[in-house]
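Chemist: requesting a structural model of the entry that follows:
(chains A and B)
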2 protein chains.
Amino acid sequence: MTLRTSGLPTDVDNRSRPRDAELRVRARAVIPGGMYGHLNMNALPSEYPQFFASGRGARVVDVDGREFVDLMCSWGPVLLGHQHPEVEEAAARQAALGDCLDGPSERMVELAERLVAVVAHADWAMLQKNGTDATTLCCTIARAATGKRKILVAKGAYHGAAPWCTPVETGTTSEDRANLVRYTYNDLESVRAAFSDDVAAILVSPFRHDAGFDQELVDPAFARGLRELCDASGAALILDDVRCGMRLHFGGSWETIGVAPDLSAWSKAIANGHPLAAVLGNDRFRDAAASLFTTGSFWFSSVPMAASLATLTVLQRDDAVGRMVAMGDALRTGLAEQSERWGIEVLQTGPSQMPYMSFVGDVDKAMANRFAASALRRGLYLHPRHNWFISAALTDADLELALSATDAAFSELRAAD
Amino acid sequence: MTLRTSGLPTDVDNRSRPRDAELRVRARAVIPGGMYGHLNMNALPSEYPQFFASGRGARVVDVDGREFVDLMCSWGPVLLGHQHPEVEEAAARQAALGDCLDGPSERMVELAERLVAVVAHADWAMLQKNGTDATTLCCTIARAATGKRKILVAKGAYHGAAPWCTPVETGTTSEDRANLVRYTYNDLESVRAAFSDDVAAILVSPFRHDAGFDQELVDPAFARGLRELCDASGAALILDDVRCGMRLHFGGSWETIGVAPDLSAWSKAIANGHPLAAVLGNDRFRDAAASLFTTGSFWFSSVPMAASLATLTVLQRDDAVGRMVAMGDALRTGLAEQSERWGIEVLQTGPSQMPYMSFVGDVDKAMANRFAASALRRGLYLHPRHNWFISAALTDADLELALSATDAAFSELRAAD
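Modeler: Numbers count the residues shown, from 1 in each chain, chains lettered A, B, ... in the order given. Predicted coordinates:
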């Protein structure tokens, strides 16, 4: 009950952003550390707002009224743009009927049917709330089906924030991770070395998107090798499509390379910001999926399902993936030209829709931080150490503003030399 | 991609409820087992609908248009009634601004402040999506603070559906539960026997509400004993208020007996059906809570927070808890009178707002199933083997209909003797 107030964090400029500064002080009194998780801005440059007021299309507005072109898209969930009218209308229409009832509505069946129709490897679907719910459930299903315990995971890969997978081990036990065995992404030999008779599944991301590192696309031969290992052993191939799903491809992210997982985990973008996650699986794992007990108070709520149905409709009809690729490519081309012109060497990695740019030799990320802060002051919201996300709402005007901000940011980096 | 269709489940009467029957068939093709989790109706009498169309106040309507007085309240989330106008208006107002943005909105600070103000033991708050997120996080915080591993849990208690706590062990590993030690609810000696130097926390529910069993209120001396054990050892006392929170008391559920937990887990009713969970803690555990990494894609979304703020306002202003107690008592009195009149011996247990009724000698729950099915046919939705939930929206007319349905159900039980 004690309301503890603490001093204003020294890194916050409270003259120009009084609302964010005030909220940070109030937050520090009632939220441990002032904020937590991936949206904790305490480790970012002081220009970054912690609190936002609104979003529309490809723009977000912070609590002090600063508007930004949004290249983070809420770290993935926003695919068609903030508050996409057709998605919000579908959500509101369902909300007027009911959301969390004594059972699911027919939206659940419609959405499971749609996901099975859209994702090539899927014969069935189960819905949850968090990406972590989905990755965890995939592992449980794989263990139920195989009777084995070990899950092979790539070193440094992020698969959620439950005790078994959180990247920070504080408060977890060694038992939580006792059944994980690590391999190196894109290194099939390391997977073979990690293999044993007790492997229930190989868990893998569509590409290597570890925060703080340059991104690495999947080697199709690696993906095929995983499939072969699973086919030979009976282990499940689990694709963690939580971050990439429906942004890289209208369907599963490895459909473009022709490798079908047995189980896949989805969340983030599948309902354009509404809280939903999904596990999709093939018939080999259907009975195992039916044999276990998993649930959540809001897993059967209809509003996010209605939002997801509308999201999938718009995504397909408008070729939103194609739009994101085109805009991501244009951004990348512009950044390459600016890098060249300003004589500042960068590395651009990852797919067009989830680009990442690092500065060559910037070991401590000081350049990345200055660049991002500079861009932010000019109205562009991106992250210095995490991949960005392009939404289909990004317009030519947004892109122009974005590239104008990055041009100024390059110029400031140059001037600071 | 294969759409597997299977025959109509034999226990479903598809003449009178064609829509539910059709949806069940479609669901079996694309959802393992046709449904999963606590809202899977496959094990209930055939009268139970699997799919719902809408809800308003204390009434729900299934997909075939049957309306029921709702005594399950979506298994807890619905506290003020389905679609409470002030809650839905607050949610819609926030949705028009933004929900899932690049950071939280000021709603998060307001809600953390409100929860800290309302719940006596709380100095801070962290928000999540699932009740399981909250119970899991409480354990992680306790371990981070104490450097110890063991969590003491009551035999048969439900604390969520993650691998460490799901009541069905299929697909989990022994390592997932390696750090749980069991005690017997209300038996302090059993807790002492379970204790060791490695105990991070005692996890306990406000009362014993194990599904399928008569409910048992907490013995205040037991609760005080847990508090003393934790004070003496430095372990955290964690109250799992997910199912009871804000329904038993406007504040923490053990405030009425004067026992303060260190950490408490909340979800279900705190946003009247909108997806939200919370961990509340005292200052002794603040630094530990700030030291770990936990997050979720939708944990910072503002719409459920706006809904929760409105829920708490209405709850307090309208003395909703008092209303639920009064209606629960009236229901209980009516059931007692009917039981007496029909000469069918029942046991009514649990708090007024979360009543449970069992039939004496009904070991296989056959009477409970027949009673519940009978009531359902007359427009009352309750569960034969799980505690019920009263909402503040229950009117005198709803209660009259409910008691008329139970009277007929008693009569049918009597006639079947």
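
Chemist: isn't A:Ala90 right up against A:Ala306?
Modeler: Yes - A:Ala90 is within contact range of A:Ala306, at 4.7 Å (criterion: C-beta atoms under 8 Å). Quick note: C-beta positions are derived from backbone N, CA and C, even for glycine.

Chemist: contacts for the lengthiest helix in chain A, please.
Modeler: Secondary structure of chain A read by DSSP state H shows that its longest helix is helix A:320-342. For helix A:320-342, the surrounding residues in contact (C-beta atoms under 8 Å, 6 or more residues apart in numbering or on different chains) are A:71, A:79-80, A:246-250, A:314-315, A:345-346, A:348, A:351-355, A:357, A:390-392, A:394, A:399, A:402-403, A:406-407, A:410-411, A:413-414.

Chemist: what do you get if the cut-off is 6 Å, keeping everything else the same?
Modeler: For helix A:320-342, the surrounding residues in contact (C-beta atoms under 6 Å, 6 or more residues apart in numbering or on different chains) are A:80, A:250, A:346, A:348, A:352-353, A:355, A:390, A:392, A:394, A:399, A:403, A:407, A:410, A:414.

Chemist: what do you get for stretch A:205-218?
Modeler: For stretch A:205-218, the external contacting residues (C-beta under 6 Å, 6+ apart) are A:156-157, A:185, A:240, A:244, A:253, A:347, A:349-350, A:356, A:358, A:385-387.

Chemist: please enumerate the helices of the stretch 251-400 of chain A.
Modeler: All helices of the stretch 251-400 of chain A, identified by DSSP state H, counting those that start in this stretch, fall at A:286-291, A:302-317, A:320-342, A:366-377, A:396-415.

Chemist: mind checking how far the first one is from the chain centre?
Modeler: Helix A:286-291 has its average C-alpha position 27 Å from the chain's average C-alpha position, going by C-alpha atoms, centre = their mean, to the nearest Å.

Chemist: per-residue confidence for the residue in the stretch 201-350 of chain A positioned nearest to chain B?
Modeler: Minimum separation of the stretch 201-350 of chain A from chain B (C-beta to the nearest C-beta) falls at A:Thr295, amounting to 2.8 Å. Per-residue confidence (pLDDT) for A:Thr295: 98.

Chemist: surely it meets B:Ala161?
Modeler: Yes - A:Thr295 lies in contact with B:Ala161 (C-beta atoms under 6 Å); the separation is 4.9 Å.

Chemist: looking at the two, which is more packed in?
Modeler: Neighbour totals were compared for A:Thr295 and B:Ala161, and B:Ala161 leads with 27 against 20 (other C-beta atoms under 10 Å in any protein chain shown).

Chemist: let me know the pLDDT of the more buried one.
Modeler: In this prediction, B:Ala161 carries a pLDDT score of 97.

Chemist: what residues are up against it?
Modeler: B:Ala161 makes contact with A:Thr294, A:Thr295, B:Thr132, according to C-beta under 6 Å, 6+ apart.

Chemist: secondary structure element holding it?
Modeler: Using DSSP states H and E, B:Ala161 falls within no helix or strand.

Chemist: and the one 4 residues further on, by the same measure?
Modeler: Element membership for B:Cys165 (DSSP H and E) is empty, with no helix or strand holding it.

Chemist: how near is it to chain A?
Modeler: To chain A, B:Cys165 is 11 Å away according to C-beta to the nearest C-beta, to the nearest Å.

Chemist: secondary structure class for the residue nearest to that residue when sequence neighbours are not counted?
Modeler: Nearest residue to B:Cys165 in three dimensions, chain neighbours excluded: B:His159, at 4.5 Å (C-beta to C-beta, 6 or more residues apart in numbering or on different chains). Secondary structure, DSSP: H, G, I helix; E, B strand; the rest coil: B:His159 is coil.
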